[in-house]
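Q: Any chance you could fold what I've pasted below:
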Amino acid sequence: MATEAVVAALLDPTTYGEGAEVRLIQTHISFVFLTGRHAYKIKKPVNFGFLDFTTLEKRRFYCEEEVRINSAISPDLYLGVVPISRGADGRIRIGGEGEVLEYAVKMQELPQTAMMSRLLERKEVTERHIDTIAKRLSEFHARARSGAGVDEYGSVDQIRHNWVENFDQTRSFKGTLIDVGGFDYMEAKVLGFVEREAGLFSERVRRGKVRECHGDLHSGNIFILDGIHIFDAIEFNKAFACSDVAAEVAFLAMDLEFHGRADLAEHFIDRYVEYSGDRGLLALLSFYKCYRAYVRGKVTSFKLHDPNIPAGEKTEAGALAKRYFRLALEYARALG
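A: Residues are numbered from 1 along each chain as shown. Take a look at the predicted model:
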């Protein structure tokens, strides 16, 4: 299988000519190889319905999209797309001539110790950091695309579809990762809120609050080093990337609360509202926090069916997914 051969080659330090060792990080959709100087990210040949990376051409296209979209918020991190090729001698190389087996997004590597999620664990994230993130995000949203091709992703029909898809894709975890009563309660509560507040969602679209956002704004996608570096914006599904800016603000706020820092979440919301002038988002924060927590639970649970993930990591993923689903239930209970 080409993927297995590529992974084996990219785990070999001699493939790069840089660094003495290579570290591999996996998500449910990617392999990321860290060399000490650069990171090379290849997409797994998977189809989860909401994304399809099953052909080489699709993986190339979405690698290019990833660079295009992320360069708008972190141009210093993204260096381009490189082919992974097998030469006439049978050796797999980054770039070069021969049969292209895969494509990789090449990035500057930043130290994992500077990841915001780890800084939160060490209690090293300050209100000053949060203020900078809020300002950067409000400026990014102000520049982001809106209107035709974007607005429809903030429609009531799209919001309802997203939630129905969430529940359908996690129904098999009902009674295991998600309490049966909790699942039924969230499904009724959330879908009822969508119908009841249809006018509010439509008004947000009319006011230009639906934008081509980052789409995955949590502390694992932010580095705090010599500045704030936000990366890994969603490229594979416009329905996930395009949303009300309230959904983006709610994502990071939820993540901060998940890490036990409700104080920083409140500060982030306050500062974003101050910079953007968007007080209307406050009416939707609990709804979108619920959505973001639920999606994190769903995405984490996908690791349980990934043959590339070790058993011990699957056990950890199951426990983590349960925590996200419980948090989503708390937010659902806060809905009117």
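Q: Identify the residues contacting stretch 132-141?
A: The contact list for stretch 132-141 (C-beta atoms under 8 Å, 6 or more residues apart in numbering) reads 72-73, 211, 213-214, 217, 222, 227-228, 230, 245, 248-249, 252, 268, 271-272, 274-276. Any C-beta I mention is one placed from the backbone N, CA and C, and that applies to glycine too.
Q: can you give me the mean pLDDT across it?
A: Per-residue pLDDT values across stretch 132-141 average out to 95.
Q: Please point out which parts of it sit buried.
A: 133, 134, 135, 136, 137, 138, 140, 141 (16 or more other C-beta atoms under 10 Å).
Q: chain center to it: distance?
A: Chain-centre distance of stretch 132-141: 17 Å, with C-alpha atoms, centre = their mean, to the nearest Å.
Q: Which of the helices or strands spans residue 106?
A: strand 99-108 (DSSP states H and E).
Q: Let's see the pLDDT reported for the residue nearest to the spatial centre of the chain.
A: Residue closest to the average C-alpha location in the chain (C-alpha atoms, centre = their mean): residue 216, at 3.0 Å. Note on residue 216: pLDDT of 94.
Q: got JSON lines for the buried residues of stretch 132-141, with distance to residue 23 and secondary structure too?
A: Putting the buried residues of stretch 132-141 into JSON lines (distance: C-beta to C-beta, whole Å; DSSP: H, G, I helix; E, B strand; the rest coil) gives the following:
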{"residue": "133", "distance to residue 23": "27", "secondary structure": "helix"}
{"residue": "134", "distance to residue 23": "32", "secondary structure": "helix"}
{"residue": "135", "distance to residue 23": "33", "secondary structure": "helix"}
{"residue": "136", "distance to residue 23": "28", "secondary structure": "helix"}
{"residue": "137", "distance to residue 23": "29", "secondary structure": "helix"}
{"residue": "138", "distance to residue 23": "34", "secondary structure": "helix"}
{"residue": "140", "distance to residue 23": "30", "secondary structure": "helix"}
{"residue": "141", "distance to residue 23": "34", "secondary structure": "helix"}
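Q: can I get these in JSON lines with distance to residue 319?
A: Shown next, in JSON lines, are these (distance: C-beta to C-beta, whole Å):
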{"residue": "133", "distance to residue 319": "28"}
{"residue": "134", "distance to residue 319": "31"}
{"residue": "135", "distance to residue 319": "35"}
{"residue": "136", "distance to residue 319": "33"}
{"residue": "137", "distance to residue 319": "30"}
{"residue": "138", "distance to residue 319": "35"}
{"residue": "140", "distance to residue 319": "33"}
{"residue": "141", "distance to residue 319": "34"}
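Q: Between these, which sits nearest residue 55?
A: Nearest to residue 55 among the buried residues of stretch 132-141 is residue 140, at 31.5 Å by C-beta to C-beta.
Q: Nice, that's everything, thank you.
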